[in-house]
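Colleague: I'll drop the sequence and a predicted model, then ask my questions.
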Amino acid sequence: MTDFSELRVHPGIGLNQQTNDIGSSNPLGSLAGNSEKALSNYTQSLPRNTYDEDMAELLEVVRILNNMAPLRMPVYNFNVNEINGDAYYKPDGTMLLIREYDSDLVRDYYISPDDASCVIRILEHDRISGRLRTKIEPNLRPSSSSKTNITIFDEKINRKYTLMQLAEDGIVNNITEFSGKGQAFQTLYRNNKTLKPARYIEGKDSSVKGFEMVDCIFDADGNIVRIKRYNSKKEINIEYTDDRKNITVKNK
């Protein structure tokens, strides 16, 4: 039975409207219909159930994305003096790139125009087809814990690619999957110490609601503690405690 003492709604909302929305596990979905009937601003506190639709939906997406990314990648070398290969030069005599041949790859190390001792970009091509597989770049932001950006291009799915960021020791900090000309993305951040999910962000373009975002925060043990969903019209914040699910809805 629903505890109506835990429900706090905006004045002027009828009891029937309140009870219809209390039973919904996904408040963003339940209020997506007729805007004239939707609640304006309200808070709602419910007992935390063993199964939660909002949480289960996100955990499945996070599980797939987390399994897609390895825990560690090779540490790439951006020091020109430590790379062996064929050197190619520009017409003015400055070095353009160093080409290295692997079993099935051609790896081109492009030299920085500002510092001839540093590699600014590495491109990996399929040795037979010439197709670009991977782009590797150093992360030059000094405040970032990520030291390397790796972009992997999917030849089977048009306009889809994956970006991974690596720490100095090759640990994968985060992974982002882009699709649909960059109009949709999924990003998973990992805890640098435990390597468990720390944050998940999703964005997608909807013809009905416009651009929608989901921002999910995990605790140190990898459990969801907050889910935030928002678009140009509505913002929904769900916070979890040991025994409660607290929902706040704001219309913009």
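Modeller: Yep, it's here. Everything quoted here is computed from the prediction, not taken from an experiment. Residues are numbered from 1 along each chain as shown.
Colleague: check which residues of stretch 229-243 are buried.
Modeller: Neighbour counts over stretch 229-243 (16 or more other C-beta atoms under 10 Å) mark 229, 230, 231, 234, 235, 236, 237, 238, 239, 240 as buried. Placement of C-beta: from N, CA and C, glycine included.
Colleague: mind checking the pLDDT average for the helix or strand hosting the first one?
Modeller: So the one you mean is residue 229. According to DSSP states H and E, residue 229 maps onto strand 224-230. Mean pLDDT, strand 224-230: 95.
Colleague: who does that strand pair up with?
Modeller: strand 210-218 (antiparallel), strand 234-240 (antiparallel) (DSSP bridges).
Colleague: now the buried residues of stretch 229-243 as CSV including distance to residue 88?
Modeller: Listed next are the buried residues of stretch 229-243 as CSV, based on distance: C-beta to C-beta, whole Å:
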residue, distance to residue 88
229, 50
230, 49
231, 49
234, 55
235, 53
236, 54
237, 54
238, 55
239, 56
240, 56
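Colleague: can you name the two of the residues you listed that are farthest apart?
Modeller: Spatial extent of the buried residues of stretch 229-243 (C-beta to C-beta) is set by the pair 231 and 240 at 22.0 Å.
Colleague: report the secondary structure state of residue 67.
Modeller: Look at residue 67: counting by DSSP: H, G, I helix; E, B strand; the rest coil, its state is helix.
Colleague: picking that back up, mean pLDDT and distance to residue 78 added to the strands paired with strand 224-230, as TSV?
Modeller: Shown next, in TSV, are these (pLDDT from 0 to 100; distance: least, C-beta to C-beta, whole Å):
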stretch	mean pLDDT	distance to residue 78
strand 210-218	93	32
strand 234-240	94	42
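Colleague: how about a markdown table for the ones you listed, with distance to residue 248 added?
Modeller: Formatted as a markdown table, those follow (distance: least, C-beta to C-beta, whole Å):
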| stretch | distance to residue 248 |
| --- | --- |
| strand 210-218 | 14 |
| strand 234-240 | 5 |
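Colleague: on that earlier part again, pick the one among the buried residues of stretch 229-243 closest to residue 114.
Modeller: Set against residue 114, the nearest of those by C-beta to C-beta is residue 230 (40.6 Å).
Colleague: list the contacts of the closest one.
Modeller: Residue 230 makes contacts with 212, 213, 236, as judged by C-beta atoms under 8 Å, 6 or more residues apart in numbering.
Colleague: how many neighbours does the second one have?
Modeller: Residues within reach of residue 213, counting by other C-beta atoms under 10 Å, total 13.
Colleague: which non-adjacent residue is nearest it?
Modeller: Computed as C-beta to C-beta, 6 or more residues apart in numbering, the closest residue to residue 213 that is not its neighbour in sequence is residue 203, at 5.1 Å.
Colleague: that neighbour - how many residues pack around it?
Modeller: Using other C-beta under 10 Å, residue 203 is surrounded by 16 other residues.
Colleague: again with residue 84
Modeller: By other C-beta under 10 Å, neighbour count at residue 84 equals 6.
Colleague: how near is it to residue 95?
Modeller: According to C-beta to C-beta, to the nearest Å, residue 84 and residue 95 sit 14 Å apart.
Colleague: ok, now residue 250?
Modeller: Distance, residue 250 to residue 95, by C-beta to C-beta: 56 Å.
Colleague: same check, this time on residue 129
Modeller: 27 Å.
Colleague: between these two, who's got more neighbours?
Modeller: Taking other C-beta under 10 Å, residue 129 and residue 95 do not tie; residue 95 has more neighbours (14 against 9).
Colleague: list the contacts of the nearest residue to the more buried one once chain neighbours are set aside.
Modeller: With sequence-adjacent residues excluded and distances taken as C-beta to C-beta, 6+ apart, residue 95 is closest to residue 111, at 4.9 Å. By C-beta under 8 Å, 6+ apart, residue 111 lies in contact with 80, 94, 95, 96, 97, 98, 118, 119, 120.
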